[in-house]
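**Student:** got a predicted structure plus its sequence, pasted below:
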Amino acid sequence: MITPLSSDWLIAPIVLPTPFPVGDVNVYLYRGQDRLTLFDAGVKTDQAWDALVEQIRELGYEIRDIGRIVLTHHHFDHIGLLGRLVRESRAEVWAHPETLLQIQYHYGYDASHTAYYRGLLREFGVPESWIETFLERREVHRQFLDVCTVDRALYEHDSFDGFRVVHVPGHSPTDTLYLHESGGFTVTGDHIIQGVNPNPIVRRPLPGQERQPSLIQYQQSLLRTRYLPLGKCYPGHGQPFSNHIEVVDHILERQEKRNEKVLNALGQEAQTPWMVAQRMYGNMSAGDFIFCVSVAIGHLELLEHRGVLRCWRDHHGVLWYQRKNAGIRHAFIIPETETTRESVQ
Ligand SMILES: [Zn+2]
């Protein structure tokens with residue numbers, strides 16, 4: 001249930017269910033001067049669609065009244081109903097200029113996608129059996145995608161209907177804030193969420209680009225966000241909040257604590273990102289190891305960037321990290337056999 005609003009409401013939260021561990025996702029209906037705008041499009045399930053239709057009706061509108069859908073980023077819990085919404089409302093879709101390419105790159109599942117992730121995870125020292133399981137599980141996401149298009153790219157400093165566009169890459173490369181200065185509020189997507197430390201997941205760079213050290217990029221964006229006049233923040237998950245400086249500081253503090261955990265896991269040895277993830281998280285599952293490895297590589301890259309660690313590539317192309325002041329000591333790698341490979345599957 002959404003909180004009843006007075007008749008002069010400007011922006012209204014709509015909470016939609018998802019079948020994922022993340023729980024509900026928020027979209028927002030905005031009633032500005034221009035046209036009725038929906039921020040984000042939830043997950044592609046009938047339950048989410050029914051919840052959206054019902055809550056928009058409670059606000060006095062129908063799906064067909066939506067004239068514009070604006071995206072906070074391209075992750076599939078925020079774009080799922082886009083195709084259906086566009087078909088039923090003929091609304092325009094406005095988003096970060098990289099959105100379509102990122103969707104294609106993240107969810108393409110073609111041979112180049114598979115080859116990229118296989119190569120990347122090998123660089124991190126992930127065993128082959130885990131890599132194959134990861135690639136198979138990614139296929140499941142296909143059912144939550146729909147054909148969509150973007151009608152207008154929103155660049156940094158663009159403005160529309162009271163909002164200023166601010167790009168804050170990190171959690172995802174398309175993360176965008178929509179800052180409504182006169183209304184004193186901002187639609188923040190998953191960039192900052194109260195009580196959550198969003199960790200960037202390793203991702204494939206666009207053609208011709210290098211892979212970004214995404215945690216470093218995220219910290220740079222957080223430090224910029226900290227000084228923006230965001231006012232009340234409307235996030236992609238959880239409750240709205242008005243203390244965004246505290247929320248940013250809390251995320252940065254938790255990242256520093258994680259740095260310590262990574263250094264403890266590393267000890268004096270040279271280790272791969274996979275080994276660090278294993279030491280930090282113990283028993284990882286096929287469903288969550290990518291998050292654990294992403295935490296490990298994110299912090300290893302951050303610590304290397306700060307000059308604490310050094311990194312090199314062995315003759316198999318695998319990345320190793322070690323404290324700069326440590327002697328050369330490799331952790332022992334147990335070679336993977338056919339038996340262990342099959343037992344994991
Ligand atoms: Zn999300």
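**Tutor:** Sure thing, it's come through.
**Student:** next SSE after the helix ranked longest in the chain?
**Tutor:** Of all the segments of type helix in the chain, defined by DSSP state H, the longest one is helix 244-266. Per DSSP states H and E, the first helix or strand lying C-terminal to helix 244-266 is helix 273-281.
**Student:** any idea of the mean pLDDT in that next one?
**Tutor:** Average pLDDT, helix 273-281: 95.
**Student:** which residues are contacting that helix?
**Tutor:** Contacts with helix 273-281, where a contact means C-beta atoms under 8 Å, 6 or more residues apart in numbering, come from 124-127, 261-262, 265-266, 271, 284, 289, 292-293, 295-297, 300, 319, 321, 331. For every residue, glycine as well, the C-beta is placed using N, CA and C.
**Student:** again, only this time at 7 Å
**Tutor:** 124-126, 261-262, 265-266, 284, 292-293, 295-297, 300, 319, 331 (C-beta atoms under 7 Å, 6 or more residues apart in numbering).
**Student:** same deal with stretch 308-321?
**Tutor:** 122-125, 266, 270-273, 300, 303-304, 322-324.
**Student:** quick one: the strands in the stretch 51-200 of the chain, in order.
**Tutor:** 68-70, 92-95, 152-153, 159-160, 163-167, 176-180, 185-189 (DSSP state E, counting those that start in this stretch).
**Student:** and the fifth one, which strands flank it?
**Tutor:** Take DSSP bridges as the rule and strand 163-167 pairs in its sheet with strand 159-160 (antiparallel), strand 176-180 (antiparallel).
**Student:** same check on the last one?
**Tutor:** The partner list of strand 185-189 in its sheet, established with DSSP bridges, is strand 176-180 (antiparallel), strand 232-235 (parallel).
**Student:** I'd like the next helix or strand past it.
**Tutor:** Strand 185-189 is succeeded, C-terminally, by helix 214-226 (DSSP H and E).
**Student:** neighbours around the nearest residue to His167 once chain neighbours are set aside, how many?
**Tutor:** Distance criterion C-beta to C-beta, 6 or more residues apart in numbering; nearest residue to His167, sequence neighbours excluded, is Glu156 at 4.8 Å. Neighbour count for Glu156, taken as other C-beta atoms under 10 Å: 12.
**Student:** pretty sure Glu156 contacts Pro169?
**Tutor:** No. The pair Glu156 and Pro169 fails to qualify as a contact (C-beta atoms under 7 Å) at a distance of 10.5 Å.
**Student:** for the two, list the residues in contact with both.
**Tutor:** Between them, Glu156 and Pro169 share no contacting residue, judged by C-beta under 7 Å, 6+ apart.
**Student:** most tightly surrounded among the strands paired with strand 185-189?
**Tutor:** strand 176-180 (a mean of 24; mean count of other C-beta atoms under 10 Å).
**Student:** residues contacting Gly307?
**Tutor:** So Gly307 contacts nothing (C-beta under 7 Å, 6+ apart).
**Student:** low-confidence ranges in the stretch 1-150 of the chain?
**Tutor:** Counting by pLDDT under 70, the stretch 1-150 of the chain shows low-confidence ranges at 1-7, 108-109.
**Student:** any chance of the strands paired with strand 185-189 in JSON lines, plus mean pLDDT and distance to Tyr28?
**Tutor:** JSON lines is the format used below for the strands paired with strand 185-189 (pLDDT from 0 to 100; distance: least, C-beta to C-beta, whole Å):
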{"stretch": "strand 176-180", "mean pLDDT": "98", "distance to Tyr28": "9"}
{"stretch": "strand 232-235", "mean pLDDT": "98", "distance to Tyr28": "5"}
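**Student:** what's the closest of those to the ion?
**Tutor:** The minimum distance between the ion and those falls on strand 232-235, with 9.0 Å, by C-beta to the ion.
**Student:** could you break the protein into its assigned domains?
**Tutor:** The record's domain parsing of the chain by automatic domain parsing lists 11-106+140-254, 258-327.
**Student:** and for Pro97, the neighbour number?
**Tutor:** 15.
**Student:** was I right to think it contacts Asp158?
**Tutor:** No. Taking contacts as C-beta under 7 Å, Pro97 lies outside contact range of Asp158: 10.1 Å.
**Student:** just give the closest residue to Cys148, not the sequence neighbours.
**Tutor:** Leaving out its chain neighbours, the residue that sits closest to Cys148 by C-beta to C-beta, 6+ apart is Leu82, at 4.1 Å.
**Student:** now do Glu304
**Tutor:** Cys311 is the one closest to Glu304 (C-beta to C-beta, 6+ apart), at 5.1 Å.
**Student:** just give the closest residue to Leu252, not the sequence neighbours.
**Tutor:** The shortest distance from Leu252 to any non-neighbouring residue, by C-beta to C-beta, 6+ apart, is to Leu222 (6.2 Å).
**Student:** and what of Asp158?
**Tutor:** Spatial nearest neighbour of Asp158, chain neighbours left out: Val165 (4.3 Å); criterion: C-beta to C-beta, 6+ apart.
**Student:** tell me the contacts of the one you found?
**Tutor:** 154-159, 176, 178.
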